[in-house]
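Colleague: this one's structure only:
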């Protein structure tokens, strides 16, 4: 066992430090045409007329394409409710109404400005809570504004509330979050000599991109080829198709190579975000700290199109009770269409929003009971065999308690006892803890599989080398190296003798998306099984190659009314302790230190695992504190990185990543997914730390200085009025 | 590219009528000579062309990345007379006679620059898109003698955003790269 567990450097490191690595915009060549989208820039309107005559007369403009040019003008990961180019209706400000194709980027941009669109503005629906009212306008005329209402009913919450020693209530909100992958959307498309439509771009799932694009152009999937260049980050943001089908449309229609790239503001306005949530909670406990009941209502803003909203919502609904076994649960998860920017996948996929409320409630419950939040967690945390709120036992390998205890040990070592007892300094320090659970892989009965092909080059006595074919996106997380390490281990080969074929939908089989923390477990298992089978066949004197589809244990859809079902086949577990410093004059919160403990099953590449923990924490700091995405009346007011503040090197705390290895029964060498986990409990830990430092609870994310200051003022006022312990 | 979506620049208002094409296209091209990575290049650019676009689109030096095109992310960092600047915030025509170094010009043949080697050694990246800018900012930081400790590195590298959040490893790489450059 030498290839597994070691921190082998990335094979593309040299190209990345020399500038040789080619990202999608680096593929643009002389002679290609350039495409530019005409954005609606209004959230809700009827399109009365599109006049392209001025644009078409401009120098260099070759074509102006509209909805009529798209054979099947609908796409979407789950529901096909989004038009590639709008027909008669605009539903959000980032909707595209036309595509201009020209000889230069400048001519395309000038042409796009000259396309005249006549609109009739329509009422705008921007609050998902309003979307539930009976008389509001429909975002999609043919369907309800309620995309999904998922319930969970376990036990009897009302009886529990009546018998409990303490009942507390809370209200929370979380904001949109922009992926801000540093490489803005770009791609090239052309027809190759085999009359295939080729799209070279960045994404998270080659074969799903191919499926959706082939459907739009009514082509057999084999005649569409998706190739990924180097991918400059994704974080869920490249799961939905944004720019790629637009450039594909231009090439498909005009039969010439076409290039396209979005500016930062086009990317921010044009692609989906993390869902904002409004959450109301009512929890009850016994005097000894046993949590008796949790009642939660979560309303999420799905924006104009379905994207992955239904799945995100279901995840948030099952995680409304965090990693705790609670006898009586009533959860209502509701996601609605609005005329805001669409919401979809973003690292954590509903779990960070639900955990922010749940973890805040657990700490507040402890305070209301006069107990240590550590003890209340210890009493209620999931253990092996615990029953989920959905009614059935958790998948085997429950690490919730192990990561929590380890986190406490580490925190005792590295976090000092903070001084916050009304000291004269305006800088107050506090510590908060929180726990988290997040699914690894697809949930709720969605067909989950990964396929890999392994071809061995052999002599009569040894395996010389291997080709590993597996269609997977390396978005920077290092998936290709991890899969190569697994193959090298399984075949006992040097890493250099394993050749990876990963980035072409026509050359590598479908391994599913690089998302849901699934690729190490799912892709890794497919690679390992294919290696094992190819090797067995070689030993038996048969063809030394094999294609294996790995399918994990079955999951099921949840019953809509009760939530009963088997939502997931694997979970990751995390516990965190955060130390913050709050400037009580300005409300500015700085994270000083973080201990983040993860059950990763088995660290295939330890340095990459630590890198994922640290990187995920950077985004968690943005989610909790700095990234304030503003969409007002359906208009995005933060379309630049100057107004939407990403964490920099200065914002990073001292991080103590801790890896626990409790083997997953299905994962390759015991590995399970981990790349999203650090985002899950973090905002809850920070909220508890801010409370520890100041006595104030902040219930809205991000915790901007204004919100923190307001919360401090309110809490001081309340303390003066009611000296008794409040919730 | 950005000039075509003026609506975004004034978020909160509705788009005005499309501007005439002539006002967008601006004055014609001028001949200039740029010295990039020790080589002189003759090129013809409109005065409004940024150094970033001239490098990427005319000289095909695509190692310099465009992340925001307005000086907020640092991906386009290059060295001009050994100082690190955002190449998206300056015009190509302003750099006639300057010594420009891009990421492609940092290594000596196959031999990586010590800072590049340190980034490889410490895994100072994930997706790699910000890396050319990070490496060049780090080189300038050391060459200008501003490398006085970890706080200085954090402060002076804070103009280079790494959305993957590899800051911990970048810090280690810069620390080690500075030692190797000494």
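Modeller: On my side now, so go ahead. Since this is a predicted model, take the numbers as computed values, not measurements.

Colleague: What values do phi and psi take at residue 132?
Modeller: By default, I'm working from chain A. phi -80, psi -20 (degrees, to the nearest 10).

Colleague: should've been chain B
Modeller: phi -50, psi -40.

Colleague: these two touch, right, it and residue A:20?
Modeller: No. Taking CB atoms under 8 Å as the definition, residue B:132 is not a contact partner of residue A:20, at 10.1 Å. For every residue, glycine as well, the C-beta is placed using N, CA and C.

Colleague: okay, and the common contacts of those two?
Modeller: Both residue B:132 and residue A:20 are in contact with residue B:63, where contact means CB atoms under 8 Å, 6 or more residues apart in numbering or on different chains.

Colleague: Which one's more surrounded, these two?
Modeller: For residue B:132 versus residue A:20, the count of surrounding residues by other CB atoms under 10 Å in any protein chain shown is larger for residue B:132: 30 against 16.

Colleague: which non-adjacent residue is nearest that one?
Modeller: residue B:103 (3.6 Å; CB to CB, 6 or more residues apart in numbering or on different chains).

Colleague: For residue B:71, see how far away the one you found is.
Modeller: Taking CB to CB, to the nearest Å as the measure, residue B:103 falls 18 Å from residue B:71.

Colleague: Please apply the same query to residue A:412.
Modeller: Distance from residue A:412 to residue B:71, by CB to CB: 44 Å.

Colleague: Next: residue B:139.
Modeller: Residue B:139 is 19 Å from residue B:71, by CB to CB.

Colleague: Mind checking which of these two has more residues around it?
Modeller: Between residue B:139 and residue B:71, counting by other CB under 10 Å, residue B:139 is the more crowded of the two (25 against 16).

Colleague: correct me, but residue A:140 touches residue A:82?
Modeller: No. Applying CB under 8 Å as the test, residue A:140 and residue A:82 come out as separate, 10.2 Å apart.

Colleague: Which of these two has more residues huddled nearby?
Modeller: Shown here are residue A:140 and residue A:82; by other CB under 10 Å, residue A:82 has more neighbours (22 against 16).

Colleague: Which residue is the nearest non-sequential neighbour of that one?
Modeller: Nearest non-adjacent residue to residue A:82 (CB to CB, 6+ apart): residue A:305, at 4.1 Å.

Colleague: Please apply the same query to residue A:302.
Modeller: Nearest non-adjacent residue to residue A:302, counting by CB to CB, 6+ apart: residue A:309, 3.9 Å away.

Colleague: In chain A, which residue sits furthest out from the middle?
Modeller: Largest separation from the mean C-alpha position in chain A: residue A:460, at 47.1 Å (CA atoms, centre = their mean).

Colleague: Shouldn't that one be within a helix?
Modeller: No. Counting by DSSP: H, G, I helix; E, B strand; the rest coil, residue A:460 falls outside a helix, being coil.

Colleague: quick revisit: ok, the residue nearest to residue A:302 to chain B distance?
Modeller: In this view, residue A:309 and chain B are 24 Å apart by CB to the nearest CB, to the nearest Å.

Colleague: Quick check on that residue: phi, psi?
Modeller: phi -50, psi -40.

Colleague: One more: residue A:88?
Modeller: Residue A:88 has phi and psi values of phi -110, psi 0 when expressed as degrees, to the nearest 10.

Colleague: Now it: closest residue in space that isn't a chain neighbour?
Modeller: Among residues not flanking residue A:88 along the chain, residue A:47 sits closest, at 5.2 Å (CB to CB, 6+ apart).

Colleague: Can you tell me the SS state at the one you found?
Modeller: strand.

Colleague: residue contacts, it?
Modeller: Residues in contact with residue A:47 (CB under 8 Å, 6+ apart) are A:86-90, A:97, A:117-119.

Colleague: Return the set of residues that bridge with it.
Modeller: Beta-bridge partners recorded for residue A:47 (DSSP bridges): residue A:119.

Colleague: same thing with residue A:298?
Modeller: Per DSSP bridges, the residues bridged to residue A:298 are residue A:279, residue A:333.

Colleague: how about it, what does it touch?
Modeller: By CB under 8 Å, 6+ apart, the contact list for residue A:298 reads A:277-279, A:313, A:316-317, A:320, A:331-334, A:353-354, A:357.

Colleague: if we take these, which one ends up nearest to chain B?
Modeller: Nearest to chain B among those: residue A:353, at 19.8 Å, using CB to the nearest CB.

Colleague: Tell me which other helices or strands whichever helix or strand the closest one is part of touches.
Modeller: Taking DSSP states H and E as the definition, residue A:353 sits inside helix A:351-369. On a contact count with 3 or more CB pairs under 8 Å, 6 or more residues apart in numbering or on different chains; DSSP states H and E, helix A:351-369 meets strand A:166-174, strand A:277-285, strand A:291-303, helix A:309-318, helix A:373-380, strand A:427-439, helix A:679-694.

Colleague: and the angle for that helix with strand A:291-303?
Modeller: With axes from the mean of the first three to the mean of the last three CA atoms, to 10 degrees defining the directions, helix A:351-369 sits at 150 degrees from strand A:291-303.

Colleague: Now do helix A:351-369, average pLDDT.
Modeller: Across helix A:351-369, pLDDT averages out at 98.

Colleague: Check whether residue A:578 really touches residue A:690, as I assumed.
Modeller: No. Look at residue A:578 against residue A:690 with CB under 8 Å: they stay out of range, at 9.5 Å.

Colleague: Spit out the residues that contact the two alike.
Modeller: Common neighbours of residue A:578 and residue A:690 (CB under 8 Å, 6+ apart) are residue A:432.

Colleague: Tell me the most packed of the contacts of residue A:47, by neighbour count.
Modeller: Highest neighbour count within the contacts of residue A:47: residue A:90, with 28 neighbours (other CB under 10 Å).

Colleague: Against chain B, how distant is it?
Modeller: On the measure of CB to the nearest CB, residue A:90 and chain B end up 12 Å apart.

Colleague: ditto for residue A:613
Modeller: Distance from residue A:613 to chain B, counting by CB to the nearest CB: 10 Å.

Colleague: right, and that residue touches residue A:598 too?
Modeller: Yes. Between residue A:613 and residue A:598 there is a contact at 6.2 Å, judged by CB under 8 Å.

Colleague: Of the two, which one has the most company?
Modeller: Neighbours per residue (other CB under 10 Å) separate residue A:613 from residue A:598, with residue A:598 holding more: 31 against 27.

Colleague: Then that one would be within a strand, right?
Modeller: Yes. The assignment for residue A:598 is a strand, going by three-state DSSP.

Colleague: From residue A:347, how far off is it?
Modeller: For residue A:598, the distance to residue A:347 equals 14 Å [CB to CB].

Colleague: Looking at residue 118 now. What's its pLDDT?
Modeller: The chain I'm using is chain A. Residue A:118 is assigned 98 on the pLDDT scale.

Colleague: Wait, chain B was what I had in mind.
Modeller: Predicted confidence (pLDDT) for residue B:118: 98.

Colleague: Which helix or which strand is home to it?
Modeller: Per DSSP H and E: helix B:114-121 holds residue B:118.

Colleague: How about residue A:188?
Modeller: Residue A:188 belongs to strand A:186-191, assigned by DSSP H and E.

Colleague: which residues sit in contact with the residue of chain A found nearest chain B?
Modeller: Closest residue of chain A to chain B, CB to the nearest CB: residue A:19 (2.0 Å). Residues in contact with residue A:19 (CB under 8 Å, 6+ apart) are B:61-64, B:102-104, B:132.
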